[in-house]
Structure formats: structure tokens, C-alpha cells
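A.B. asks: I would like to see how this sequence folds:
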Amino acid sequence: MTGTERIVVKKKPGPDAGCPVPLVIVSRPSPVGNASALDTLYDAVVLTDQAGVVQQANPRAAELFGYPQAELRGKLLGAIVDGINEELLSLLAEKLQSGRFIVLEARCTRQNGSLFPAEVAVGAIALGEGAGLCFSLRNITRWREIQNQLTMVQNALHCVPCALAMADLDSKLTFVNSAFCRLWGLEKPEYALCWSLDQMFGADNANHLRACLETQEPWTGELVFTRADGSALRVQATSAPNLDQAGVLAGLVFSFTQMTPPVGT
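C.D. replies: The predicted model follows:
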């Protein structure tokens, strides 16, 4: 068997089970024979001398880069991890003298020429009779894809004409779009973030917006707020529970549509 196998295990319901978050177990072939601790690690680990020449690499590193394990030994790490050059290695050796580790992001090249982004943790180790470096690598392609998708979704939300907002379970605002800022007279979305619903909308209005937490169904109604400049604003408001991928309540999501004419005009 090669590669990895992802197994999803869902927690059984019960009073002591906690949140019903699915657990993901990743399995891969176990090292055969007398495996070293390095061989049993899930992360790809490469040990180099201070010149960046690979001295050891575990099976996960061979799998990640697509090389036979023996072919990685003696290879310059900079040949497969962009940016690992003499200047950086010297800087790493200097910074690692404190006994801590350094985390980098780098672009890596497989044997077949394909590329992938990686998070690389670097630490200093004793290697034979001299000093060396330990590089622990993780492929973050999926993480990058998720980040890109979130960025595109946020950009789309800022373009819609409806005022949108999100709050966490502590009733703190975590997101507002551009239409929300225009409606409330705010210069930047950052001005609303971390405000509580009570601070932003008033206690009575906040209680209406939180009503959906009791029923787990969207709530819709007319509310009157006060803009940043003190003027009154009448809106059609909708609030709904915001659930995460596992179906667990993560907060609230709101939409607001200005009713015409505004109050006081």
C-alpha cells in the first residue's frame, strides 16, 4: 500500500461526548523492521549538515518529494526546497543558537518537477561529530486552497449590496461587509470588529438578533438603529445561527436592508 488513507470517525452522541466533531485519522504504511524514531514520524523530516547536504531523510520525506529514500541522501536540500541557500543556512545557524526553532514557508519541487507549498520547521541538532539542521516539512497545498477560497468568498461578500455581518458565540462582531459600513456610516470594517452586539445595536435590538439561538431558526423583523453620526436608521433585519462544517453552532450571521424613507427624514 502506498500513499495515505483518510478515515473519518464520528464521535458517538452522549452526555460526555462533547461537541460532535468528526475525527480524521490519517494512516500510511508502517516502516518495516527495526524502524528508527525518525522513520515513524508522520511529518517529512530531513537532516542536513550546516552546508545543507542531506544526511538522513525519513520515508515520509521520500514520499513527499517522490524520490527513493537513498537518493535523497547526499542531495543539496536547496535543490528541492527553494530558498535554502548558503546565506539562509548561515542565518538559520546563527538564529538557532538560542535553542529555539524557526518556521518558514517555501516552495518545494518533487522529482517529477511538480511543485507544492510547504511549511518548514527548522531546528538545530547534533549530527555525528558536528552540528546539523533538522527540517520538518508539511505540504500546505490544501491549506493554501482553503485560504484562497476564503479570500474569494470575502471579496464576493464585500461586493453584494446587502449589509452583512457575523458574530461569534460571545456576541462579538467578527465580520462586516462594505455595504454594512456604508449603511452605518463607518469608514472601515475594522471599526466594527470586536464590538459586541449590545454596543453596536443596543441591548434590545441585540436580544432580537440573538433570538434565533433559542429556536435554531432564522429570525426576521424590523429594527431601528443609530448610525455612527447619531441619525436613526430603520432596517429589515434577519439573523440566523452560523454552523461550522461539523454542524456545530459557531456564531450568528446577520443581514440588513434599509427601509425607505429612513426614520427622521
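A.B. asks: from now on I want contacts and neighbour counts done on CA atoms only, so please keep to that.
C.D. replies: Will do.
A.B. asks: which parts of the stretch 51-200 of the chain are helices?
C.D. replies: Assigned by DSSP state H, counting those that start in this stretch, the stretch 51-200 of the chain shows helices spanning 59-65, 69-72, 86-95, 141-159, 178-184, 197-201.
A.B. asks: those helices into TSV, with extra columns for distance to Gly247, mean neighbour count and mean pLDDT?
C.D. replies: Putting the helices of the stretch 51-200 of the chain into TSV (distance: least, Cα to Cα, whole Å; neighbours: other Cα atoms under 10 Å; pLDDT from 0 to 100) gives the following:
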stretch	distance to Gly247	mean neighbour count	mean pLDDT
helix 59-65	33	21	95
helix 69-72	42	16	93
helix 86-95	43	14	90
helix 141-159	18	13	90
helix 178-184	27	20	92
helix 197-201	23	17	91
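A.B. asks: dump these to TSV, plus distance to Val248.
C.D. replies: Listed next are the helices of the stretch 51-200 of the chain as TSV, based on distance: least, Cα to Cα, whole Å:
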stretch	distance to Val248
helix 59-65	34
helix 69-72	43
helix 86-95	42
helix 141-159	19
helix 178-184	26
helix 197-201	21
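A.B. asks: so which of the ones you listed comes closest to Glu217?
C.D. replies: Each of the helices of the stretch 51-200 of the chain has some distance to Glu217 by Cα to Cα; the shortest is helix 197-201, at 18.7 Å.
A.B. asks: what sits against Thr220?
C.D. replies: By Cα atoms under 8 Å, 6 or more residues apart in numbering, Thr220 lies in contact with Gln236, Ala237, Thr238, Ser239.
A.B. asks: bridged to it, which residues?
C.D. replies: Thr238 (DSSP bridges).
A.B. asks: distance of it from Thr109?
C.D. replies: Distance of Thr220 to Thr109, computed by Cα to Cα, to the nearest Å: 53 Å.
A.B. asks: ditto for Glu119
C.D. replies: For Glu119, the distance to Thr109 - Cα to Cα - is 14 Å.
A.B. asks: can you give me the strands for the stretch 151-265 of the chain?
C.D. replies: Taking DSSP state E, counting those that start in this stretch as the test, the strands found in the stretch 151-265 of the chain are 163-168, 173-176, 219-226, 232-243, 249-258.
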